[in-house]
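Enquirer: okay, here's the prediction I keep looking at, along with the sequence it came from:
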Amino acid sequence: MDGYLGSYATLGITLLAGALVFVGAFSANRVLRPRRPSVSSGKFESYECGLDPVGGDWAQAQIRYYVYAYLYALFAVESVFLFPWAVIFDRPGFGGAAVVEMAIFVAVLALGLLYAWRKRVLRWA
Amino acid sequence: MTTDIAAETLKLPSLDYAALAPMLILFGVGCVGVLVEAIAPKKARFPVQLVLAVLGIAASLTAIVLAAGTEKVTAAGAVAVDGPGLFLQGSIAVLGLVALLLISERSLERGGAFVAQAAVTANSEADRDQATRGSGATEVYPLIIFSLGGMMLFAAANDLLTMFVALEVFSLPLYLLCAMARRRRLLSQEAALKYFLLGAFASAFFLFGIALVYGYAGRVDFAGIHAAVLDSPNDIALLYIGLAMVAIGLLFKAALAPFHVWTPDVYQGAPTPVTALMAACTKVAAFGGLLRVLYVAFERSQWDYRPVLGAIAVLTMLVGAVLAVTQTDIKRLLAYSSIANAGYVLVGVLAISKAGLASSLFYLVAYGFSVLAAFGIVTLVRDADGEATHLSRWAGLGRRSPLYATLFTFLLLAFAGIPLTSGFTAKFGVFAAAIEADQTWLVIAGVITSAIIAFPYLRVVVMMWLSEPGESTPAVSLPGALTAAAVTIGAAATLLLGIVPQPLLDMTENAAHFVR
C-alpha cells in the first residue's frame, strides 16, 4: 500500500467489492427465481405504467435550453474566479491593479452576455 | 488563517506586455469584433469587421517584429518568448492574413462562402433560401481572430496547462467555422461534428497525458519537466504513458497517421477558405506546440520517443501518399497531400537538432503559402452549384483557363518537390537535417513516398492539360481582388522560396533556439 500508485489500492478494492456485490446479487437472483420462459410478446415490451408503449424512444430536447447552458457557463466561471479574488483584493500589495484586472475579466464575460442580448437569444420565444 | 498565508505567498506574476502584445492585440481585436457584431448596423458589419481584422493582424505582426530577438520566459513561466516562438507567431500572422483575404471574398458568391445561420435545418426551405439569397455571417471574423490568437499562444506556451487552454481557444472557433459552408450544408455540418467529436476526444487524451506527466514530474512547466526527466524518483512508466498521451493530442491536431482520419472529411466539408486556414495556420501551430514539447520538455527522452514518432512519420507519409492516389475529389486529394506533408515536417522535427528545428520552421511556412494558393484556386473553379471539386470536372481546364491551370500545375509541382519551387528547398532541408542526425531510414521512406505522391499530382496535371474540355467542365470564375491577391501572394512566395530561399533560411537559422 505504498509507492506513488499505492494510494489507488483503496479505490481498486472498492471497485472490486462493488463488482462482487453486483455479480453476487444477480447470481443469487438467478439461482432463487422461478424459471418460466414465455413466448408471449408482452414480456419483452418496455414497462410504461401498465399502458401500451407509444412512440419511439428518440426524444429531442428544445434547442433553446442551450441558453441556460450558455448563461450557466458564463456565470459559473465568473464566480469561481471572483471568490478567491474577493477574499484578498483589499490586502496590501493587490489594490488598484487587482480591481482593474478583475474589471477587465468581468467585462470580457459581460461582452458575451451583451452579444447574446443583442442577438435576442435571451427572449423566450 | 490560510487566507493570510495565501496573501503573503501569492504574488502577482510579472507580465512582459511587449512580449505578450501579439496575442493580447488579437484577443482584444476579437472582443471588439464581438462588440461590432452586437452593435453595428447589419450593412456596415462586413467592411468594419474586415478592416478591423486586417488592422488587428497587422498590428500583431508589428508587435512580433518589434519583439524579435527577445529571449525570455514571462507570465510566471506560462509563456516563452523566443526565436522559434516569435517565428511561428509571425508565420501564423502572415498566413492568417492571406487566409483572411480568401475568407473575405464576396464577389464569387453573393454574401461570401458562409451562411448567416448555420443552425437552420439543412435542406429545408429556409436553408435553401439563405444559401441562395442570404447575406453571409460576419461572426467568422471574431472567430478567426480568436483562433489565430489561440494558435499564437499555443506556439509560445511554456507549460502544459497553458498549452491546453490555447489548444481549446484555437480549436473551438474552427469547429464552428467548419459548419458554416454556404453550399453542401449537410457535408459541412457533418465535417464540423466529426471534427468536434474527434477533437474533444484528442483533447481528453492530451489532458490525461498532462495529469500523468504531472504525476511523474510534479510540475507542468517545461523546464520543470526537463529537470524531472533525469532525477524524478517516480515510476518512469508514468512519464512514458503521459508523453504518449500528450503526443496523441498534438499528433491529432497536426493530422499525422493514425490520428489523421478526420482530415479528408473535414477538409472536404468545411468552406474552402476555412480549409485553407486550417491547412496553413493550424498546421504551423500544431507543429509549433509539438516542437516545443519535444525539444524543450522531453529532450532527454528523445531516445525513447524518436523510434515511435519515426514510425508514425513513415506511416503518415505512406498513408498520405498511397491514399492520395485513390482520391476523386480535389479537396480530399489536397487533404491527403497535407497529411503526407505533415509526415515530411515530422522527419525534420525528429532530427532533434538546430538544423532539424530550422528546416521544420522553413517547411511549415513554405507549405503554408503553397496550400493557401492551391485552395484559393479551388474556390475559383465553379459552376452554378458552387465549387466543382470532383476531379473529373477538372479535365480540360487548361484549355478553358490557361492562367489558373498553369498556376495550379506550378503549385502541384511545388507539393511534389520539384526544384525551383519552395517544396524542393523545404524537403531538401528536412531530409538533410534527418541524415545529419543519422535518421536515414526516415529519409528513405520520405523519398519513396515523394515518388508515390507525385503520381496523383501529375495525374491532375495531365487531366487539366491533355484532356479535351467536356460539357461538364466548369468555367473558372474571375476572382475578386482579395482572392487574386491571396493566390498571387501564395504562388509568388512558392516561387521566391524556391529561387531565393536564403533570406528565409537565414531567418530560420537565427530563430532556431528555444529558451528553457
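Expert: Perfect, thanks for sending it. Residues are numbered from 1 along each chain as shown, chains lettered A, B, ... in the order given.

Enquirer: can you list the domains in chain A?
Expert: According to the domain assignment given by automatic domain parsing, chain A is divided into the following structural domains: A:4-44, A:63-118.

Enquirer: ok, which of the ones you listed comes nearest chain B?
Expert: Go through the domains of chain A one by one with Cβ to the nearest Cβ and the one that ends up closest to chain B is domain A:63-118, at 3.9 Å. No exception for glycine: its C-beta is placed from N, CA and C like everyone else's.

Enquirer: start to end distance for the closest one?
Expert: Between the opening and closing residues of domain A:63-118 there is a gap of 19 Å (Cα to Cα, to the nearest Å).

Enquirer: over to stretch B:263-281?
Expert: Here stretch B:263-281 reaches across 14 Å from its first residue to its last, counting by Cα to Cα.

Enquirer: okay, the domains of chain A in JSON lines with mean pLDDT and distance to chain B next?
Expert: Rendered in JSON lines, the data for these read as follows (pLDDT from 0 to 100; distance: least, Cβ to the nearest Cβ, whole Å):
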{"stretch": "domain A:4-44", "mean pLDDT": "86", "distance to chain B": "5"}
{"stretch": "domain A:63-118", "mean pLDDT": "83", "distance to chain B": "4"}
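
Enquirer: just say which of those domains is most tucked in.
Expert: domain A:63-118 (a mean of 13; mean count of other Cβ atoms under 10 Å in any protein chain shown).

Enquirer: now it, how far from the centre of its chain.
Expert: Relative to its chain's centre, domain A:63-118 lies at 22 Å (Cα atoms, centre = their mean, to the nearest Å).

Enquirer: correct me, but B:Lys253 touches B:Ser171?
Expert: Yes: counting by Cβ atoms under 8 Å, a contact exists between B:Lys253 and B:Ser171, whose distance comes to 7.5 Å.

Enquirer: what do those two both touch?
Expert: Where contact means Cβ atoms under 8 Å, 6 or more residues apart in numbering or on different chains, the residues bridging B:Lys253 and B:Ser171 through contact with each are B:Gly199.

Enquirer: who touches stretch B:400-420?
Expert: Against stretch B:400-420 from outside (Cβ under 8 Å, 6+ apart): B:337, B:341, B:370, B:373-374, B:377, B:380-381, B:397-398, B:421-424, B:426-427, B:450, B:453-454, B:457-458, B:460-461, B:464-465, B:469, B:473, B:475-476, B:487, B:490-491, B:494-495, B:498-499.

Enquirer: what are the buried residues along it?
Expert: B:400-401, B:404-405, B:407-417 (16 or more other Cβ atoms under 10 Å in any protein chain shown).

Enquirer: among the contacts of stretch B:400-420, which ones are buried?
Expert: B:337, B:341, B:370, B:373-374, B:377, B:380-381, B:397-398, B:421-424, B:426-427, B:450, B:453-454, B:457, B:460-461, B:464-465, B:469, B:473, B:476, B:487, B:490-491, B:494-495, B:498.

Enquirer: residue closest to the middle of chain A?
Expert: The residue lying closest to the centre of chain A (Cα atoms, centre = their mean) is A:Ala69, at 11.2 Å.

Enquirer: let me redo that: chain B
Expert: Of all residues in chain B, the one closest to the mean position by Cα atoms, centre = their mean is B:Thr282, 2.2 Å from it.

Enquirer: strands of the stretch 351-500 of chain B, residue ranges please.
Expert: Shown for the stretch 351-500 of chain B, the strands assigned by DSSP state E, counting those that start in this stretch span residues B:382-383, B:386-387.

Enquirer: residue 69: which element?
Expert: As the question left the chain open, I've gone with chain A. Taking DSSP states H and E as the definition, one finds A:Ala69 inside helix A:66-88.

Enquirer: which non-adjacent residue is nearest the residue in the stretch 301-450 of chain B positioned nearest to chain A?
Expert: Ranked by Cβ to the nearest Cβ, the top residue of the stretch 301-450 of chain B for proximity to chain A is B:Ser301, at 18.6 Å. Sequence neighbours aside, B:Val229 is the residue nearest to B:Ser301 in space, at 5.7 Å (criterion: Cβ to Cβ, 6 or more residues apart in numbering or on different chains).

Enquirer: same deal with B:Phe375?
Expert: On the basis of Cβ to Cβ, 6+ apart, the spatially nearest residue to B:Phe375 that is not a chain neighbour turns out to be B:Ala276, at 3.7 Å.

Enquirer: hang on, the earlier thing: name the SS class of the residue of the stretch 301-450 of chain B closest to chain A, please.
Expert: The assignment at B:Ser301 comes out as helix when based on DSSP: H, G, I helix; E, B strand; the rest coil.

Enquirer: mind checking pLDDT for it?
Expert: B:Ser301 is assigned 84 on the pLDDT scale.

Enquirer: distance of it relative to B:Pro84?
Expert: The gap separating B:Ser301 from B:Pro84 is 19 Å, by Cβ to Cβ, to the nearest Å.

Enquirer: the more surrounded of those two?
Expert: When B:Ser301 is set against B:Pro84 and neighbours are counted by other Cβ atoms under 10 Å in any protein chain shown, the residue ahead is B:Pro84, at 25 against 18.

Enquirer: so where does that one fall, helix or strand?
Expert: Secondary structure here is read from DSSP H and E; on that basis B:Pro84 sits in helix B:83-103.

Enquirer: state the mean pLDDT of that helix.
Expert: Helix B:83-103 shows an average pLDDT of 94 in the prediction.

Enquirer: who are the packing partners of that helix?
Expert: Using 3 or more Cβ pairs under 8 Å, 6 or more residues apart in numbering or on different chains; DSSP states H and E as the contact criterion, the elements in contact with helix B:83-103 are helix B:17-39, helix B:42-66, helix B:140-156, helix B:272-277, helix B:283-292, helix B:354-378, helix B:481-499, helix B:502-511.
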